[in-house]
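*Asks:* Just the structure for this:
(one chain, ligands or ions: 2)
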Amino acid sequence: MDKKRMYSAAQPTGKITIGNYIGAISNWVKLQHEYDCFFAIADMHAITIKQDPQELRRRTLELAALYIACGLDPEVCALYVQSNVSAHAELAWVLNTLTYVGEMERMTQFKDKSRKHADNINMGLMDYPVLMAADILLYQAEYVPVGFDQKQHVEITRDIANRFNNRYGETFTVPTPLIMKSGAKIMSLQEPDKKMSKSDENINAWVSLLDDRDTIIRKFKRAVTDSDNCIRAGEDKPGITNLLTIYSVFRGCTVEEAEKEFAGKGYGDFKLAVGETVADALAPIQAEQARLLADKAYLNGVLASGAERAFKAARKTLSKVYRKVGFYRGE
Ligand code: ATP
Ligand code: LTN
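*Replies:* Ligands and ions are numbered 1, 2, ... in the order given. Now for the predicted structure:
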């Protein structure tokens with residue numbers, strides 16, 4: 001039986017955090033053999049916020065290397081750069097005509113980013129979810145593994161797909177967001193009621209996959225918790241719950257097992273253990289990324305063959321769409 005399609009992407013902006021890793025990339029690695037996977041580097045989404053061109057190019061390659069270093073196998077899944085496949089922009093245009101301005105204005109991420117970047121509320125920022133819908137629908141993806149913050153965007157993708165199917169006849173697979181029960185929302189180490197975000201100006205709020213050992217341990221030591229000195233998960237203890245979640249992912253155990261392991265211990269010892277565990281787990285990823293970045297020819301080859309695979313799948317859907325909407329193709 002053919003494998004089901006899976007699609008996801010991350011933006012080559014800022015540092016990739018352990019939030020991105022736990023909420024998204026580590027799940028892609030686990031699922032890559034079970035599904036027919038396409039994973040993109042969303043550079044077209046990235047430019048909705050001002051980017052330095054040189055840096056964007058550098059970060060794109062670094063993210064490609066990081067995908068592979070985290071365990072994505074380019075022989076198994078298609079890894080490619082979004083802007084290398086022009087069908088994304090083309091389908092987004094068509095989908096724009098099925099999307100209402102009002103619903104884009106109501107998107108949580110649009111509202112947040114408009115507040116943060118009040119001097120640059122551009123059309124791309126508002127259209128971001130439509131481009132994301134085009135990404136997903138081009139590949140007829142059934143599943144989209146993302147962190148919790150992207151759920152609303154996958155839901156609007158479902159609405160747009162249904163609208164198109166109703167107006168023009170069955171064309172798109174309606175995708176389902178795949179959001180893991182644990183780790184879909186890793187919280188800031190400084191304000192544990194806020195999502196860990198790589199664009200947070202307080203560098204102690206997040207841990208990058210590329211932070212060195214001392215930095216990682218220091219950031220966990222400074223993590224904001226509470227004062228009752230009891231290591232258990234619970235809604236009343238967002239800081240400790242977050243640390244237990246992070247620990248369990250990198251240690252490969254459950255949150256309950258982690259709670260048992262640290263029963264009766266103090267916060268200081270616990271935070272140090274979390275820092276050391278994360279640093280130990282990230283060291284081989286960092287070494288592998290550095291090794292890959294030294295072999296640019298290999299990375300270019302991976303991205304070129306990924307783009308080719310993506311182009312073939314995308315072209316099929318785009319031709320179908322153009323036919324359905326009535327674009328003249330020579331008759
Ligand atoms: P920013 O935090 O600057 O808004 P981002 O990290 O959300 O950016 P991406 O790099 O595109 O943007 O995110 C890639 C994936 O990581 C998405 O699936 C997103 O849901 C997930 N993700 C991001 N932050 C977290 C987090 N704190 N916890 C869990 N998953 C996350
Ligand atoms: N907006 C996403 C990145 C992204 C994406 C996608 C995720 C772009 N296109 C398609 C899933 C499917 C984010 O995580 N910030």
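*Asks:* quick check: longest helix of the protein.
*Replies:* Across the chain, the longest stretch assigned as helix under DSSP state H is helix 296-325.
*Asks:* What is that one packed up against?
*Replies:* Here helix 296-325 touches strand 36-41, helix 53-70, strand 78-81, helix 87-96, helix 123-138, helix 151-168, helix 267-293, going by 3 or more C-beta pairs under 8 Å, 6 or more residues apart in numbering; DSSP states H and E. (Glycine included, C-beta is placed from N, CA and C.)
*Asks:* hmm, 6 Å instead?
*Replies:* Judged by 3 or more C-beta pairs under 6 Å, 6 or more residues apart in numbering; DSSP states H and E, helix 296-325 is in contact with strand 78-81, helix 87-96.
*Asks:* so I16 makes contact with L210?
*Replies:* No - judged on C-beta atoms under 6 Å, I16 makes no contact with L210 at a distance of 7.6 Å.
*Asks:* Please say which of the two ends up with more neighbours.
*Replies:* I16 (24 against 16; other C-beta atoms under 10 Å).
*Asks:* which parts of the longest helix of the chain are buried?
*Replies:* 299, 302-303, 306-307, 310-311, 313-314, 317-318, 321, 324 (16 or more other C-beta atoms under 10 Å).
*Asks:* what do you get for stretch 144-155?
*Replies:* By neighbour count on 16+ other C-beta under 10 Å, the buried set for stretch 144-155 is 144-147, 149-150, 152-154.
*Asks:* what does stretch 170-179 give?
*Replies:* Neighbour-count burial for stretch 170-179 flags 171-175, 177-179 (criterion: 16+ other C-beta under 10 Å).
*Asks:* Can you tell me the closest non-neighbouring residue to the residue of the stretch 51-200 of the chain found nearest ligand 1?
*Replies:* The nearest approach of the stretch 51-200 of the chain to ligand 1 comes at G147, 2.4 Å away (C-beta to the nearest ligand atom). Computed as C-beta to C-beta, 6 or more residues apart in numbering, the closest residue to G147 that is not its neighbour in sequence is G23, at 3.1 Å.
*Asks:* where does that neighbour land in three-state SS?
*Replies:* helix (DSSP: H, G, I helix; E, B strand; the rest coil).
*Asks:* count of neighbours near it?
*Replies:* Neighbour tally, G23, other C-beta under 10 Å: 26.
*Asks:* And for the one 10 residues further on?
*Replies:* In terms of burial, H33 registers 11 neighbours under the definition other C-beta under 10 Å.
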